[in-house]
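*Asks:* below are the sequence and a predicted model; questions follow.
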Amino acid sequence: PSPMTVLECFRELVWLLRRGFPMSATEFFYTLMMPTTLAFCGSLGTIDMDAAGLAISVYQLTVENCATSVRWGLMPFLAQTMGGTKKYRVGNFVQRGLLAGLLFTCVNWAVALNTGNLLILLGQDPVISAKSEQFLIILMPGCLAMNLCEALIAYTDTVGYLWPTLVIRCVSLLVNILLQYSLVLRGGFGIVGSAAALSFSLAICPLMQA
């Protein structure tokens, strides 16, 4: 290939790394929150760890899918609007994304409030199912936060502000580790403290993102 072609390939690679690294690192730090929570629940015994694992699985199956749908469904509209002449409509789309996240949260909360019965229906142990439902009920503010946060992230990703989201995820992970240590290991609050720590760590994300 000619030197110009090599230079163009190098520039494209640099661009991809510049865009891809912060987004990949952001998802990596967010994903670490769940195994970190389970690691602290491991000191509580098999039942509590199983309950937390089931609750987090339900959270990932429902809340994360809904929040991701809001984010990736919103981004094409934002990109198209920013590339057009009616840039003032960007705020309207962000508001609609927040509203969609709020509506999805109602569905997520309905699942959380009935998690115990659903797990028992699927053959899970009643004690573990009840603890999983308790975990998810405490996690309900975090569910709302994530649905709203993904709508805000759709905007910041579209305009190219990738590093602030990475910093927010890092801070959220550190807060979760600190609270898990304080409430679970030191405070003795058990699975309730673990759920509260995770919920608070998720709840601060949209506040910092805004």
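*Replies:* Noted; the coordinates are in hand. Numbers count the residues shown, from 1 in each chain.

*Asks:* name the spans of the chain whose pLDDT lies under the cut-off.
*Replies:* For the chain, the stretches flagged by pLDDT under 70 are 1-4.

*Asks:* now the strands for it?
*Replies:* Secondary structure of the chain (DSSP state E): no strands present.

*Asks:* ranges for the helices of it?
*Replies:* Ranges of helices in the chain, per DSSP state H, are 3-31, 33-41, 46-59, 65-82, 90-113, 115-121, 126-138, 140-159, 163-180, 190-209.

*Asks:* what's the second one packed up against?
*Replies:* The helices and strands touching helix 33-41, judged by 3 or more C-beta pairs under 8 Å, 6 or more residues apart in numbering; DSSP states H and E, are helix 46-59, helix 163-180, helix 190-209. Placement of C-beta: from N, CA and C, glycine included.

*Asks:* what lies in contact with it?
*Replies:* 48-49, 52-53, 56, 60, 172-173, 176-177, 180-181, 184-185, 191, 194, 197-198, 201-202 (C-beta atoms under 8 Å, 6 or more residues apart in numbering).

*Asks:* so F189 touches L183, yeah?
*Replies:* Yes. Counting by C-beta atoms under 8 Å, F189 does reach L183; the two are 4.7 Å apart.

*Asks:* which one's more surrounded, these two?
*Replies:* The residue with more neighbours, out of F189 and L183, is L183; 20 against 16, by other C-beta atoms under 10 Å.

*Asks:* now A79: how far from C66?
*Replies:* 21 Å (C-beta to C-beta, to the nearest Å).

*Asks:* please apply the same query to L16.
*Replies:* Per C-beta to C-beta, L16 is found 29 Å from C66.

*Asks:* ok, those two, which is more surrounded?
*Replies:* Shown here are L16 and C66; by other C-beta under 10 Å, C66 has more neighbours (21 against 10).
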